[in-house]
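Asks: Predicted model and sequence follow; I will ask about them next.
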Amino acid sequence: MAWTRWVKSMGVALLALLAVVVAACGSSNSGNNTTTLTRSGTITIWHQWEGSYLDAKKAIFDAYTKQYPNVTINLIHKADINTAVTTAVQANQGPDIVAWVDDQMGKLVKLGAIKSIDGLDGVDMNYMNSTFSKAAVDADTFEGHIYGMPETVEAITMVYNKDLVSADQLPKTSDQLLSFAKSYGAAHSGEYGVVWNPKDAYFQAPWVYGFGGYYVKADGTVGLTTDGTKAGFNYMASFRGSIPASVDYGVADTLFKNKKAAIIINGPWSVADYGKAGINYGLAVLPTLPNGKPAQPFVGVKTLMVGANAQNAALAVDVIKWFDNKDNEVTQALANKEIPANKLALADPQVQADPIIKGFGAQVVNGTPLPNTPFMSALWDPTAKALEAVWTGKQSVNDALAAAQTAAQNSIAQLK
Amino acid sequence: MTVGQGELSTPLVAKTDEREGANVLASGWRFVRRAAVPVLVHAFLIVMVVFALFPAYFVLQAAFRPGQSLYSLDLSLWPSHATWENFTYIFTQIPFPTWLRNSIGVGVGTMLAGLVGSATGAYALSRFRFAGKRLTLITLLAIQAFPTALALVPIYLILKTIGLIGTPFGLMLAYVASALVFSAWNLKGYFDTIPRELDEAALIDGCTVTQAFIRVILPLSLPALAVTALLMFLTAWNEWVMAQTLLFNEDTFTVPVGLWGLQNNYRVPWGYFAAASCIVSIPVVVLFLGLQQYFRSGLTVGSVKG
Amino acid sequence: MAQTGRRLLLTYLGPMAIGVGLISLFPILYNVYISFTNQNLYHFRNYSIVGFVNYGKLFSGLNADFFIVLGRTFLFVAICIPLFLIVGMLAAMALNHPSVKFKAFWRVALIIPWAVPSYVTALVWKFFYNGDFGTFNQVYRLFAGPQAGLPWLTDPTWAFGSIVLTNIWMSYPFFMVVILGALQSIPSELYEAAAVDGASGWSKFWRITLPLLRPAILPATILSAILTFNVLNTAYLITQGGPFISANKPGATEFVLVYAFRNAFQLFNYSYIAAFAVVIFFLLFAVTLGSLRFTGLVREEGR
């Protein structure tokens, strides 16, 4: 008899627990928007900044807390923001500010992990348009609401080793890039003309979008079987044999650092390390394609978003505005070689005079916005698999893209 | 320490053979075998040690290599500019000591709480008679078959409900519960091998059930308790998927979560990883050395009693 | 012993029951519930009950992901476990050989793979396997010429084998330790008696050593089989489930947990993965129960 009673009481306890938990899930959405600004409390920021890059940002937040001593700012580095934010917000333990790239925005909105900052602390479209560049404003609005404020703008470009290749030898067209890769490899055994990670959808974007293809549109239309996407894949595949077969980001990066690669296609986050490794590097825009258009890398906008659990959202917005003001944006830009999203900071003569910022800036002009639709999350995986299948020769470009198109469409159908 | 000699020691009385030549051949063969087997054994051991140590050695040399790159383009066995800078960095620039303290706390806590929970439960399953015992055992097994990683969100919701989310204590509870099932099975298997007459005699002598459990059963079960403890500690010590989801603040991180926090989408700070893993390996080796004598009998899950 | 009193029973079973009930049983029930909803990225909070839709997707055909992933995982376990056992057994027997001196040194050296955290060593193996710069192919090229290279991680079959190799490296110490302990507790008289009867070394192994090792090997094997089935670290960190030969097929090393992890946390397909987990759960339960019945454990319980 003891057993049946025990089972019954356990059963009742579990059911009660289930009810509590389900109820708690339902109600956790009610984060209150404090609209009046009081500069006291704690602001927690989850980010992926690191090293000297982080130091420059930390100094700016330190200046804020020095000016407003009632405010504490906690900076926490999160390796996997995706999982961390989504699970933490469900438990009402999410951060006040999430610092990430704008392509995650749609997803975070749908997951209820961030909230709109329309009207908070004087933030509206007028403020956004008057303060930030257009690409940045577009990136930080989703379905007509403002969900964050831009920090910096970034895109991948050609980084070259000035000791291995001179500026006038640099390839200007995609055909020249390919022949440069081939002739450089032939002339220098065990070395490579150009390297990047061809199995990554982000690094493949310049070719796909440059040839007129696309991954996905805001309405969920998948463009993997368009002619432009195919042309982009074919161009990538033509580098087989000129880039090490087992290349990934780490391999490409190591080759460039060890002077075994003349050119690497990489983003602003990488160049500080190249300087430290003693590489005398310069920047050049990605080549022009046979259709006369430039290769179009994704332009990502690093963005500070306000978490759904933020108790004092107005204060969070105030901190972001401080972080994004002209002086602070100039400081960050100069320290980290980043392109500021703030228009006034970008126009600053010191910023304009910096060759690295200028180099990446020239590339950003050619770029295409990183899609911030949540459908993009259904594209990364199949696109990367298709790239791998093509790169390793397991599938033809057409077969690989047809399979990826189906896979992406299926995922999107499940999302809708 | 004499086992295995069986393979070597040839019968003292060899079968007599009619032909002299065969006898010579046989003794020659015995001689070769006597000499060859130790050589083969040592050759095998050397191969195994190279296999076992090379990846570990690779971690060690990376800990002393300046720079954070995993890939090295040369085959050099030791960095030409060996440095302690990775060790200095993890102890001075990042809260590694705090993470280490949290890891030790969570590991030891998991071990102790897990031992208490599983030993009492296993004792009940081994000695008590109650209806539905069989069902309980089968339920425990069923639970063991459920992959913990898929329980992430529900565990999260529970810890949130009881207000322990984001704390090392909450993480410890999650580890304890997921280690309980295996531990209880293992201890029950061991308790079953202890003759019932022993605790029954204690009860006749006037001990309570609890006294019999503490004074008779537990001291006799030291091997199983030690092995169970080590396995539970290791679970907590090296786990990162769950920890990464259940902890939010840097000062609550365990070592694996803290280390993973140092990397980003593109880069793993390999030198720091290597230096830190050298340090976290030490307690495991020490624990193993201390407990290895118990391994001969401490693992009994699923064994048939009697 | 008579029927145990309720209070005593609760005192002893209570702590375990609460722990197991809260952190282990509840997640299973929760997963069953979610598996009947449509929870995913787009219906994260506003999900609704949709019935058996997710189960329908799982069993949509014999070439469905589910069967490929499950079949591959069982194959992986079936290949790994005997290899763990053989390598562990050989290492234990070598360590136990009377001609071996400095036993403590050999023993510590051989358990090192177990001590170093797997989330770090997995990355080391990833580097070893790299086709162009990895240590294995660099050494291989010394013999086979500068253009040669083995497709450690790029060919599906090779990649599967590479993950098996890494897992042997990580798992044999456990078996070695367990078997060594058991070997040392076999009374030497048994061998001496067998020697008098004229048994060969081989028959002594089969007739004495192996049967006496069985009680130690069996539980280790069950534990290891469960851990191997749930392999995540090595496969996820070394290959991310790849290599992928097509976008709509699971990768060659996309084992059950890797597949679940990718779908749940990269594609946010919560309800689908919940259904997947429920089915896997019942399957594993049946297999474990069957194997225990086979070894005679459960039969003797509850008397």
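Replies: Looks like it arrived, so ask away.

Asks: spatially speaking, which residue is in the middle of the chain?
Replies: Picked chain A for this. residue A:101 (3.9 Å; Cα atoms, centre = their mean).

Asks: that's the wrong chain, I meant chain C
Replies: Note: chain C centre (Cα atoms, centre = their mean) maps to residue C:228, 0.7 Å.

Asks: and what of chain B?
Replies: residue B:231 (3.8 Å).

Asks: Quick one: residues contacting that residue.
Replies: The contact partners of residue B:231, by Cβ atoms under 8 Å, 6 or more residues apart in numbering or on different chains, come to B:179, B:182-183. Any C-beta I mention is one placed from the backbone N, CA and C, and that applies to glycine too.

Asks: For the helix or strand where it lies, the averaged confidence score.
Replies: If you go by DSSP states H and E, residue B:231 is part of helix B:222-238. The average of the pLDDT scores along helix B:222-238 is 88.

Asks: do the same with stretch A:50-60
Replies: Stretch A:50-60 comes out at a mean pLDDT of 83.

Asks: now do stretch A:65-73
Replies: Stretch A:65-73 comes out at a mean pLDDT of 93.

Asks: Give me the buried positions along that stretch.
Replies: Going by neighbour count (16 or more other Cβ atoms under 10 Å in any protein chain shown), the buried part of stretch A:65-73 is A:68, A:71, A:73.

Asks: picking that back up, take the contacts of residue B:231 and keep only those in helices.
Replies: B:179, B:182-183 (DSSP state H).

Asks: near chain C, from the residues you listed?
Replies: residue B:182 (Cβ under 8 Å from any Cβ of the partner chain).

Asks: Quick one, which of the ones in helices among the contacts of residue B:231 has the minimum pLDDT?
Replies: Ranking these by pLDDT, residue B:182 lands last with 80.

Asks: Hmm, that one is touching residue C:223, no?
Replies: Yes. With contact taken as Cβ atoms under 8 Å, residue B:182 and residue C:223 are classed as touching, separated by 6.7 Å.

Asks: Helix or strand next in line after the helix holding residue B:231, which one?
Replies: With secondary structure assigned by DSSP H and E, helix B:222-238 is succeeded by helix B:241-246.

Asks: quick one, what contacts residue 156?
Replies: No chain was given, so I picked chain A. A:196, A:202-203, A:206, A:265-267, A:286, A:297-298, A:363.

Asks: ah, no, chain B please
Replies: So residue B:156 contacts A:87, A:90-91, B:165, B:245-246 (Cβ under 8 Å, 6+ apart).

Asks: now with 6 Å?
Replies: Listed by Cβ atoms under 6 Å, 6 or more residues apart in numbering or on different chains, the contact partners of residue B:156 are residue A:87.

Asks: mind checking which helix or strand it is in?
Replies: Going by DSSP H and E, residue B:156 is in helix B:152-161.

Asks: how near is the residue in the stretch 151-300 of chain C that chain B sits nearest to to residue B:33?
Replies: In the stretch 151-300 of chain C, no residue comes nearer to chain B than residue C:181, which is 2.7 Å away by Cβ to the nearest Cβ. Look at residue C:181 and residue B:33: by Cβ to Cβ, to the nearest Å, they are 28 Å apart.

Asks: Residue C:257 too?
Replies: When residue C:257 is compared with residue B:33 (using Cβ to Cβ), they lie 47 Å apart.

Asks: So which of the two has more stuff around it?
Replies: The neighbour count for residue C:257 versus residue B:33, taken as other Cβ atoms under 10 Å in any protein chain shown, is higher for residue C:257 (25 against 14).

Asks: Check which helix or strand that one maps to.
Replies: helix C:256-265.

Asks: mind listing which of the contacts of residue A:156 are in helices?
Replies: A:202-203, A:206, A:363.

Asks: just to revisit the earlier point, now the buried residues of stretch A:65-73 in TSV, with distance to chain B and secondary structure?
Replies: Formatted as TSV, those follow (distance: Cβ to the nearest Cβ, whole Å; DSSP: H, G, I helix; E, B strand; the rest coil):
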residue	distance to chain B	secondary structure
A:68	22	coil
A:71	18	strand
A:73	13	strand
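
Asks: Let me see the ranges of the helices in chain B.
Replies: Counting by DSSP H, the helices of chain B are B:5-8, B:20-63, B:85-92, B:96-127, B:133-144, B:152-161, B:168-193, B:196-204, B:209-212, B:218-220, B:222-238, B:241-246, B:255-261, B:270-291.

Asks: can you tell me which of the ones you listed the model trusts least?
Replies: helix B:5-8 - the lowest mean pLDDT of the helices of chain B, at a mean of 38.

Asks: Contact partners for the closest residue to chain A within the stretch 51-200 of chain C?
Replies: Residue of the stretch 51-200 of chain C nearest chain A, by Cβ to the nearest Cβ: residue C:131 (3.3 Å). Counting by Cβ under 6 Å, 6+ apart, residue C:131 touches A:245-246, C:137, C:149, C:154.

Asks: go with 10 Å
Replies: A:244-247, A:251, A:392, C:137, C:149-155, C:158 (Cβ atoms under 10 Å, 6 or more residues apart in numbering or on different chains).

Asks: Which residue does the stretch 301-416 of chain A have closest to chain B?
Replies: residue A:309 (10.9 Å).
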